[in-house]
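Chemist: structure here, sequence nowhere to be found:
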Ligand SMILES: [Zn+2]
């Protein structure tokens, strides 16, 4: 193992959407975001906050401060919060570009610069989405949820890669050569939830810390076995819970996940570092050359 390969990275990415019409509680969003940042700061870690336009407009000073202190602030999209229908993956390229660019402009008005990191609401995307993100200057983020089959949300990712990869210009579930590093949330690929439509993932509020333990351990062991070049435990949440309250169940779950991530990483002989997705994506670009995906028909079962 080389020195640079001795680290497992940890990211907590938070979709900040407390001002979305379904929630409409800006004060809760602020408390949650502050609580999450404090938990990461106590570890000496940095995390990623993906913010819908109305959240960044409501609490501009907070997100500017987070960016200044080394956390990542990127863009999160919920088309319904901008006056469109709910799911981005139902739209053609012109409308998707309009939705995302409008949101990016509002973000830049507050943050002083355009977003580079991106997180798609409901992971609702289609084959037009990645090239649009590249065109608009995004370099990394999360559109996918490997294993999810939710056509009712235009969010179908069966067969998508489990780990970090360059997105494909033509097919959202294949790796490709776009200048966009897709960084999927950590999942247990053998589990099914929501009536069989979604795998258990490392979304803090989905289950308790005990359940998350097994997902973290299983994913890390597979990444080690497959010699994944940048190993990552990728957890996600939303700024919709009382993360600043030490007695809150979701906060206890997150703290449990952090303890588990540290212990499992140490047990496997690695160090752990909590970093932003931007830093992790940059590391991936340094280490991993792009390679065109070639598909070949599997003829092993053919008689002739
Ligand atoms: Zn969201």
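Modeler: Here it is on my side, so go on. Predicted model, so just to flag it, every value in this text is computed and none were measured. Numbers count the residues shown, from 1 in each chain.
Chemist: so which bits of the helix or strand where residue 133 lies are buried?
Modeler: Per DSSP states H and E, residue 133 falls inside helix 129-135. Going by neighbour count (16 or more other C-beta atoms under 10 Å), the buried part of helix 129-135 is 129-133. To be clear about C-beta, it is placed using only N, CA and C from the backbone, and glycine gets the same treatment.
Chemist: looking at those, which is nearest the ion?
Modeler: residue 129 (15.2 Å; C-beta to the ion).
Chemist: list the contacts of the closest one.
Modeler: Listed by C-beta atoms under 8 Å, 6 or more residues apart in numbering, the contact partners of residue 129 are 88-89, 96, 120, 143, 172.
Chemist: can you do 10 Å?
Modeler: 88-89, 91, 93, 96-97, 100, 118, 120, 143-144, 167, 172, 180 (C-beta atoms under 10 Å, 6 or more residues apart in numbering).
Chemist: ditto for residue 14
Modeler: Residue 14 sits next to 29, 32-33, 36-37, 40, 47-51, 71, 76, 119, 204, 235-240, 243 when contact means C-beta under 10 Å, 6+ apart.
Chemist: hmm, back to that, could the buried residues of helix 129-135 go into TSV alongside distance to residue 149?
Modeler: Below are the buried residues of helix 129-135 laid out as TSV (distance: C-beta to C-beta, whole Å):
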residue	distance to residue 149
129	18
130	20
131	24
132	23
133	23
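Chemist: in TSV, list those residues along with pLDDT.
Modeler: Compiled in TSV, the buried residues of helix 129-135 are given as follows (pLDDT from 0 to 100):
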residue	pLDDT
129	98
130	98
131	98
132	98
133	98
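Chemist: if we can go back for a sec, between the contacts of residue 129, which is closest to residue 284?
Modeler: Nearest to residue 284, judged by C-beta to C-beta, of the contacts of residue 129 is residue 180 at 11.2 Å.
Chemist: next, count neighbours for that closest one.
Modeler: Around residue 180 sit 24 other residues, with neighbours defined as other C-beta atoms under 10 Å.
Chemist: for it, what are its contacts?
Modeler: By C-beta under 10 Å, 6+ apart, the neighbours of residue 180 are 118, 129-131, 133-134, 138-141, 143, 165-169, 281.
Chemist: roughly how far does it sit from residue 129?
Modeler: From residue 180 across to residue 129, the span is 10 Å (C-beta to C-beta, to the nearest Å).
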